[in-house]
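**Q** fold the following, please.
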Amino acid sequence: MTDFAPISPANLADRRRWLRRQRRLRALRALWRSLLVCGLAGGTIWVTTLPIWVIRHPSQIQIEGNELLSTQTVQSLLPIAYPQSLLTLQPQTIAQQLETQSPIENAIVTRHLFPPSLTVRVKERHPVALIYPVNASPVASQPAAASQVGVLDAEGTWTPLESYTSLNQPFTLPTLRVIGTPSDYEAHWKELYQVLTQSPVKVTEVNWQDPGNLILTTELGVVHFGPYSSRFAIQLRTLDQMRYITEKTGSEQIIYIDLKNPATPLVQTVQPSTGAPSEAVESDPTDVDQ
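**A** Numbering: from 1, shown residues only. As a prediction, this is how the structure comes out:
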C-alpha cells in the first residue's frame, strides 16, 4: 500500500491563496471582456445614430428593376418618414409593405452605411390585358367603373385597374380585353396568353362569358372555339390558314368563324339579299386557292 507524505498547513495555505488569485484573474478577464463588448455595442449604436447616418431625402434611395413605375413613384410608396435613422429602418418590413402595393410583386431592401443610403430592388407586375366583368361593355376610351375593371399580368394575377391609375403617372392601358368571371379562366390564362403571343393572328378581345364557348375577336373577325382545350394552339394555326376567306368573302359578310372542330371549320355569313344569317359554310383551311 502506497504511503502519502503529510501536507503541511503552510502548503495548504499557499494552495488556497493561489486558487483565490486564479479566481480573481478569471473574474477580471470576464469583466474586461464584458466591458469591451458593451463598449463596442455602445459605440456602434452611438455612431449609427449620429446625424450623418440618417435618410433625409428620397435622393438617398436608389430604385432598381423598375420599368413600368417611375423611380419617383416607387420612392413615394416607401413607408419612410424623413428624416429617419438608418438604425430604425427595418428592410424586411419596408419590403413587405411595398409588396402590398398591387403593381409590385416582389421587393428587396438593403441598407448602406457608407454613404448612408438604401437600395430598393423591385419586380413589377406588367399588365397584359384589361379585365371586364360579365355583361360589361368595354370601351377603350371610357371603360366600366374602375372598381369593376381589373388588369391581368402574364401569370394570371388579377389587380384592380385603379391600383395603376391612382399612381399619378402616365399609364398605357393594355389593348387586349378579357370579358368573363375570373374563376372561369384563371386556371387556363397563363397557357392561353402564351399561345396568343406566339400566334400571327392579332387578337383584341377574349370573351369567356360562356365557359363552353370561348369567343375571340380577331383581325379576321369573331371566332368561336368551343370550350378551351389543348387544341387551342391548333385552332389558332387553322385560323391563320383561313386568311383567304376574308379576302374572298369580305370581312363585313362574315358573322363568325366556327373553329370548334379545327378539321372542319365553318363560316357563318350574311345573305347578300336579306342581310340575314345564311347557312354556315364548311371551309377547308388547307385549300388556299379557293
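**Q** pLDDT of the helix or strand hosting V178, averaged?
**A** Assigning secondary structure by DSSP states H and E places V178 in strand 176-179. Strand 176-179 shows a mean pLDDT of 95.
**Q** equivalent analysis for stretch 153-166, please.
**A** pLDDT averaged over stretch 153-166 gives 88.
**Q** one more: stretch 253-264?
**A** Mean pLDDT, stretch 253-264: 91.
**Q** can you give me the end-to-end distance of it?
**A** Length of stretch 253-264, first residue to last, Cα to Cα, to the nearest Å: 20 Å.
**Q** in that stretch, what's buried?
**A** Buried residues in stretch 253-264, defined by neighbour count with 16 or more other Cβ atoms under 10 Å: 253-254, 256-260, 262. All C-beta spots, glycine's among them, are computed from the backbone N, C-alpha and C.
**Q** ditto for stretch 168-182
**A** 173, 176-180.
**Q** the stretch 101-250 of the chain: helices as residue ranges?
**A** Using DSSP state H, counting those that start in this stretch, the helices assigned to the stretch 101-250 of the chain run over residues 162-165, 182-185, 189-198, 232-240, 243-249.
**Q** how close does the residue nearest to P58 when sequence neighbours are not counted sit to W158?
**A** The shortest distance from P58 to any non-neighbouring residue, by Cβ to Cβ, 6 or more residues apart in numbering, is to Q75 (4.2 Å). To W158, Q75 is 26 Å away according to Cβ to Cβ, to the nearest Å.
**Q** then G39?
**A** For G39, the distance to W158 - Cβ to Cβ - is 55 Å.
**Q** from I245, how far out is V270?
**A** The gap separating V270 from I245 is 14 Å, by Cβ to Cβ.
**Q** circling back: pick the one among the buried residues of stretch 253-264 closest to D210.
**A** Of all the buried residues of stretch 253-264, D210 sits closest to K260, with 12.4 Å by Cβ to Cβ.
**Q** wait, that closest one sits on S229?
**A** No: applying Cβ atoms under 8 Å as the test, K260 and S229 come out as separate, 9.9 Å apart.
**Q** phi and psi next, for D258.
**A** Dihedral pair for D258: phi -100, psi 110, per degrees, to the nearest 10.
**Q** let's see the pLDDT reported for L113.
**A** Predicted confidence (pLDDT) for L113: 83.
**Q** count the residues that sit near it.
**A** Neighbourhood size, L113 [other Cβ atoms under 10 Å]: 12.
**Q** more neighbours: which of Q75 and W158?
**A** It is Q75, of Q75 and W158, that has more neighbours when counted by other Cβ under 10 Å, with 19 against 13.
**Q** just the CA trace of stretch 31-38, in PDB.
**A** This file holds the C-alpha atoms of stretch 31-38, laid out as PDB (Å, rounded to 0.1, in the frame of the first residue of the first chain):
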ATOM      1  CA  LEU A  31     -15.200  41.800 -16.600                       C
ATOM      2  CA  TRP A  32     -12.900  43.200 -19.200                       C
ATOM      3  CA  ARG A  33     -14.500  41.100 -21.900                       C
ATOM      4  CA  SER A  34     -18.000  42.300 -20.900                       C
ATOM      5  CA  LEU A  35     -16.800  46.000 -20.700                       C
ATOM      6  CA  LEU A  36     -15.200  45.600 -24.200                       C
ATOM      7  CA  VAL A  37     -18.400  44.100 -25.700                       C
ATOM      8  CA  CYS A  38     -20.600  46.700 -24.100                       C
END
